[in-house]
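>>> here is the input, now give the coordinates:
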Amino acid sequence: MTRILRTSTRYAVPLLAFSALLFALAAPAAAAPASQQNCGPSLAFLGAESPQAVLFGATPMARKGDSIPDPGAQSPCSVHCGDGSYVTCSGSYCYAVAHNCSNNQEGYCYGSSTGTLDCPPTCTTCTAQCQDGSSVSCPGDNGSCSAYDASCSTGEQGHCTGDTGTKYCPALSCCNDSKLCVDKDGDSCTGTPHSSDCTFQSGGCGSCLCSDGRWNCTV
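Numbering: from 1, shown residues only. As a prediction, this is how the structure comes out:
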């Protein structure tokens, strides 16, 4: 009986060591340290393949052609409007486009929760018609622009003034008679045949001939 007990004790220790080794191999790998765990949103849940897709591709843009929103933008975000008011957007991210009538840009903001919120429109554009048929335009905020058409009768060259300064039309080329050729043609005249001028609608001078009591003008 004593011999059997010694034999069992001799094999018990190796068997216990072997069992411990198998248990260690079968156990799951240790979890990564908390500093290495992914605490961000699940990309599979968001339907994106990468963080860039979440920020740029999977996010609807508020305005076509806008620059890519700053992924570090904080919520909420606000923009100061031309009339002195503010609009504020919020969400998991948001961005604001500054009000700038010099670039004809009305202010607005966009947030993933609120969508797009626009400033009240205050940008205006003043346009002056030039003698040659062209025009000059100046932007202004809250009507802070003005424009004057070219006119030979007043000597106005044609110009506009706004937030970006003053723009001028090309120099005038005035005729002796500022009446439009199309209007002068066929008017009555007196005396022996003689010539005069008239003004083309597109600018420049035309010629008229008084013959048989009527002006015959180049129109």
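
>>> any chance you could map the strands in this structure?
Here the chain has its strands, by DSSP state E, at 77-80, 86-89, 94-97, 108-111, 115-118, 123-129, 135-141, 146-148, 159-162, 165-168, 194-199, 205-211, 214-217.

>>> looking at those, which is buried most?
Stretch with highest mean neighbour count among those: strand 108-111 (a mean of 23; mean count of other C-beta atoms under 10 Å). (C-beta placed from N, C-alpha, C; glycine too.)

>>> lowest confidence element among the helices and strands of the protein?
Within the chain, judged by mean pLDDT, DSSP states H and E, the helix or strand with the poorest mean is helix 51-52; its value is a mean of 29.

>>> between the strands of the chain, which gets nearest to residue 187?
Nearest to residue 187, of all the strands of the chain, is strand 214-217, at 4.9 Å by C-beta to C-beta.

>>> what sits up against the closest one?
Strand 214-217 is contacted from outside by 181-182, 184-189, 196, 198, 206-210, using C-beta atoms under 8 Å, 6 or more residues apart in numbering.

>>> just stretch 124-144 next, same as before
Contacts of stretch 124-144 (C-beta under 8 Å, 6+ apart): 82-83, 101-104, 122-123, 145-150, 152, 158-170, 172-173, 202-204.

>>> and if you look at stretch 199-213?
Against stretch 199-213 from outside (C-beta under 8 Å, 6+ apart): 130-133, 152, 173-182, 184-185, 188-191, 193-198, 215-219.

>>> mind checking the end-to-end distance for that stretch?
One end of stretch 199-213 to the other measures 20 Å (C-alpha to C-alpha, to the nearest Å).

>>> and that stretch, average pLDDT?
If you average the pLDDT over stretch 199-213, you get 83.

>>> list the beta-bridge partners for residue 108.
According to DSSP bridges, the residues that bridge with residue 108 are residue 97, residue 118.

>>> wait, isn't it in contact with residue 120?
No: the criterion here is C-beta atoms under 8 Å, and residue 108 misses it with residue 120 at 10.6 Å.

>>> neighbours of residue 188, just the number please.
Neighbours of residue 188 under the rule other C-beta atoms under 10 Å: 8.
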